[in-house]
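Engineer: just the structure for this:
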Amino acid sequence: MSKKKKKIHDEGHIDESWLLPYADLLTLLLALFIVLFAMSSVDAQKFEALSRALNSAFSGGTGIFEFPSPLPEGEMQSSDVKGDDTKAKDKNKVDAELIKQADQQELATIQNKVNSYIENNNLTEKLKTSLTDEGLLVSIRDNVLFSPGSADVRSNDLKVATEIAELLVMDPPRNIIISGHTDNVPIGNAPFESNWELSVMRAVNFMKIVLQNDKLDPRWFSAKGFGEFQPVASNDTSEGRAKNRRVEILILPRTGN
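Structural biologist: The predicted model follows:
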């Protein structure tokens, strides 16, 4: 008589065969997110938030997404910070450009006022203006103010100097540079040893006349002499040399370039 094998039942053992497909599923999910991570530009903050959300969904111990951030902690917000810095720089650039445009418009208004004075006094051949990025330049031919070889403003030309001074009254004031220029013909009189000295003294003496206007603050003014070294025309002709003998008034922008 054959003996039947007795079936042994272990009532205390739980069938864990379901863990294998569950583990495979989680592995596939992990592989999927690694691929997505590799294919895209990751926003570190959003990725970390996604990790926390998925860990909550699969809660029940240590989560599969509980691993260090792809960026060091100190750099987690670097992308956002860089973006904010770029936006701030762009805004500052736009603001600076708007300020510059407004400043140029104000200088253009001053130029129109000076041009009106020039036309009304028939000085178009002796005074001229130009507006550049350096500021508003008013050029005065030397024969409007000085005798040849002299640095003193002629008494009958003081009226022109004082009227020009009135045109320089601005609120708020601007920095103004007055510069003297000569041709390249060597100077032969005793008071000055060079054209450079003559140009300096012409600028200084003209500035003194201008500053007799008590509406102007001397702190905003400076004087320079360039001699023959910044010509605006050729010194080979008498017409060119006449253009080079001049006093210039440079009204500066309020903003830097």
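Engineer: name the helix or strand of this protein that has the lowest mean pLDDT.
Structural biologist: Least confident helix or strand of the chain, by mean pLDDT, DSSP states H and E, is helix 44-57 with a mean of 64.
Engineer: how near is residue 97 to residue 90?
Structural biologist: For residue 97, the distance to residue 90 (Cβ to Cβ, to the nearest Å) stands at 11 Å. All C-beta spots, glycine's among them, are computed from the backbone N, C-alpha and C.
Engineer: same deal with residue 247?
Structural biologist: Computed as Cβ to Cβ, the residue 247 to residue 90 distance reads 43 Å.
Engineer: which one of these two has more residues nearby?
Structural biologist: The neighbour count for residue 247 versus residue 90, taken as other Cβ atoms under 10 Å, is higher for residue 247 (26 against 10).
Engineer: in what helix or strand does the more buried one lie?
Structural biologist: In the assignment (DSSP states H and E), residue 247 maps to strand 246-251.
Engineer: that strand packs against which elements?
Structural biologist: If you count contacts as 3 or more Cβ pairs under 8 Å, 6 or more residues apart in numbering; DSSP states H and E, strand 246-251 packs onto strand 135-141, strand 176-181, helix 195-210.
Engineer: return the most buried member of these.
Structural biologist: strand 176-181 (a mean of 24; mean count of other Cβ atoms under 10 Å).
Engineer: run through the neighbouring helices and strands of that one.
Structural biologist: Counting by 3+ Cβ pairs under 8 Å, 6+ apart, strand 176-181 packs on helix 195-210, strand 221-225, strand 246-251.
Engineer: next, the angle strand 135-141 makes with the longest one.
Structural biologist: What that stands for is helix 195-210. Here helix 195-210 runs at an angle of 110 degrees relative to strand 135-141 (axes from the mean of the first three to the mean of the last three Cα atoms, to 10 degrees).
Engineer: the second one now?
Structural biologist: Angle of strand 221-225 versus strand 135-141, following the same axes, to 10 degrees, is 50 degrees.
Engineer: helices or strands up against strand 221-225?
Structural biologist: Strand 221-225 sits against strand 176-181, helix 195-210, with contacts defined as 3+ Cβ pairs under 8 Å, 6+ apart.
Engineer: residues in contact with the first one?
Structural biologist: Contacting residues not belonging to strand 176-181 are listed as 168, 198-203, 206-207, 210, 220-228, 230-232, 244-252 [Cβ atoms under 8 Å, 6 or more residues apart in numbering].
Engineer: if we go to 7 Å?
Structural biologist: Under the criterion Cβ atoms under 7 Å, 6 or more residues apart in numbering, residues 168, 199-200, 202-203, 206-207, 220-226, 230, 244-252 lie in contact with strand 176-181.
Engineer: ok, the longest one next?
Structural biologist: Surrounding helix 195-210, the residues in contact under the criterion Cβ under 7 Å, 6+ apart are 145-146, 151-153, 158, 161-162, 164-165, 168, 178-182, 187, 192, 216, 221, 223-228, 247.
Engineer: please indicate which of those are buried?
Structural biologist: Among these, those classed as buried by 16 or more other Cβ atoms under 10 Å are 145-146, 151, 153, 161, 164-165, 168, 178-182, 187, 192, 216, 221, 223-228, 247.
Engineer: any idea of the angle the strand holding residue 247 forms with strand 135-141?
Structural biologist: Using the same axes, to 10 degrees, strand 246-251 lies at 160 degrees relative to strand 135-141.
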